[in-house]
Structures are given as structure tokens and as C-alpha cells.
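Asker: Fold the following, please.
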Amino acid sequence: MRTSRTKIAALCSFLAIVSFQSCSSSKGTAVSSNSNIVVWQLGVLNASSVTADSKSGKPLTMSSPFGEAVQFDGKADGLFLDQNPLVNLRQFTVEVVFRPDPNGQPEQRFLQMGEVNGERLMMETRLTAENQWYLDAYIKSGDSSKALMDKSKVHPAGKWYHLAFVFDDGKMDTYVAGEHELEGRVKFSPFKSGRTSIGVRMNKVYWFKGAIARIRITPKCLAPSEFTISR
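Answerer: Residues are numbered from 1 along each chain as shown. This next block holds a predicted model:
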């Protein structure tokens, strides 16, 4: 699926609005919030992650159409946060603006929230030999788990995309560039604890090759018209 110039313009406009509402520029603040919305601007977050346990490898800050982003090398680069914005939530929307690059690992975990092997949310890519990727969105809660993945829903690597994972008390929906892809259900209890890893699974396997500009967590279910890129 190709990201149109219209959708890119809409995304840039929305990012500017978010920064304004948060009373902070995306170039000056790594984490901003507005009515409990959490926004991570990855390039600034990378610059502020200076402790040994908050960063792996040498993730590079880069310019992107969507503010300062981070380039992950697919081998050792990752960011780690001692927070999980999904704790106690039954409804949420996780949005990611990212660019999966060609020639990475077949399986890549670019976002994990929760515990290493316990309750967790993960957003992943599967990369084909033709450098096409498809989304895998996964939740585990207690003894229940669910993955939304369809290898026929492929997109070219090397381009910027907007992703959304909408969750409503066990109902799961995924979107790529504002278009609905998959839905499913899982028996669910709100997360009680956890951390966040970006660019890799929390136990440092399945490294992501590509760039991530921004992650936005909203504590409610957003309609497609409310996404960073609207339909």
C-alpha cells in the first residue's frame, strides 16, 4: 500500500496539532501528554536515553517527514523505558509512524509493552524474500493470547506507514495507513505492570531494521477518522 502525499500532509498537520495541544514542540520534548494521551517522539527520546539499561547498540537520530526519528540497525539497536502506558486500561489505541526497511530479519518485534514473557502487547513485522512486510499484532493476558496476522496483506518495505492497534476490552482491530486489516477477540484483564521496549523484543531478540518517528498511546478506542492519518 502506498502512502499518498495527501495522507503524508494530513499526518504532518496532525503531529503539529498534538505538539501544540501538549504545549511542547516535538523537537524539544521526548514525552508529551494531553488528557492522558502519551506521545513519544523517538528522536528526542533517543537523545534523552543516556543510562546503560535504557539503550542497546547505537540507535541513530535522523530527520523524517514526521519529526526526529530513530534509525534501528536490525542487529543491536533498541530503546527501553521503565513504564507501560497500558497499565489498568481496558480500552486503548496504539499508533506507530514507522518505516520498515528491506533486508531485515524475517520476524521483527518493533514494540513491546508489558512483561518479558507474561502479559504483554507486541507489534511486529514479517518480512518476505521479496521485501514485502505484513503486520503481526499480539496480546497475551493471563492464559489467553491472540495474534492478528495475515501474510496476504503485504506492503512494500522502505516506505513510511501509519499503524493503529485499537483495543476494546478484548476486541482487537488493526489498521495500516488508515485502512482496516484484521480483527479478533481475546479474554482480557488489564495489564498490572511492565516496561516498554522499542526496536526489539524486551529480551533482546528479533531486532527491527528500519526507522520509527512517533508512538502515540490513547486511553480509548479511536475511530479511523481520529487516527494520525484519517481515511
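
Asker: low-scoring pLDDT stretches of the chain, where are they?
Answerer: 1-35, 50-52, 229-231 (pLDDT under 70).

Asker: so who does the residue most central in space within the chain touch?
Answerer: By Cα atoms, centre = their mean, the chain has its centre lying nearest to residue 96, at 3.7 Å. Shown in contact with residue 96 (Cβ atoms under 8 Å, 6 or more residues apart in numbering): 110-111, 123, 162-163, 212, 214-216. Where C-beta positions appear, they are placed from N, C-alpha and C, glycine not excepted.

Asker: Relative to residue 118, how far out is it?
Answerer: Applying Cβ to Cβ, to the nearest Å, the value for residue 96 to residue 118 is 22 Å.

Asker: And for the host helix or strand of residue 173, what's in contact with it?
Answerer: Using DSSP states H and E, residue 173 sits in strand 171-176. With contact meaning Cβ under 8 Å, 6+ apart, strand 171-176 is reached by 1, 135, 137, 139, 146, 148, 153, 155, 161-167, 180-186, 224, 227.

Asker: List the ones among the residues you listed that fall in strands.
Answerer: 135, 137, 139, 146, 148, 155, 161-167, 180-185 (DSSP state E).

Asker: mind checking the SS state of residue 47?
Answerer: helix (DSSP: H, G, I helix; E, B strand; the rest coil).

Asker: I meant to write residue 97 there.
Answerer: Under three-state DSSP, residue 97 comes out as strand.

Asker: hang on, it packs against residue 227?
Answerer: No: judged on Cβ atoms under 8 Å, residue 97 makes no contact with residue 227 at a distance of 10.6 Å.

Asker: quick one: the residue lying farthest from the centre of the chain and residue 186, what's the gap?
Answerer: With distances taken from the mean C-alpha point of the chain and given as Cα atoms, centre = their mean, the most distant residue is residue 143, at 24.2 Å. For residue 143, the distance to residue 186 equals 11 Å [Cβ to Cβ].

Asker: what touches both of these two?
Answerer: Shared contacts of residue 143 and residue 186, defined by Cβ under 8 Å, 6+ apart, are absent.

Asker: Thanks a lot, catch you later.
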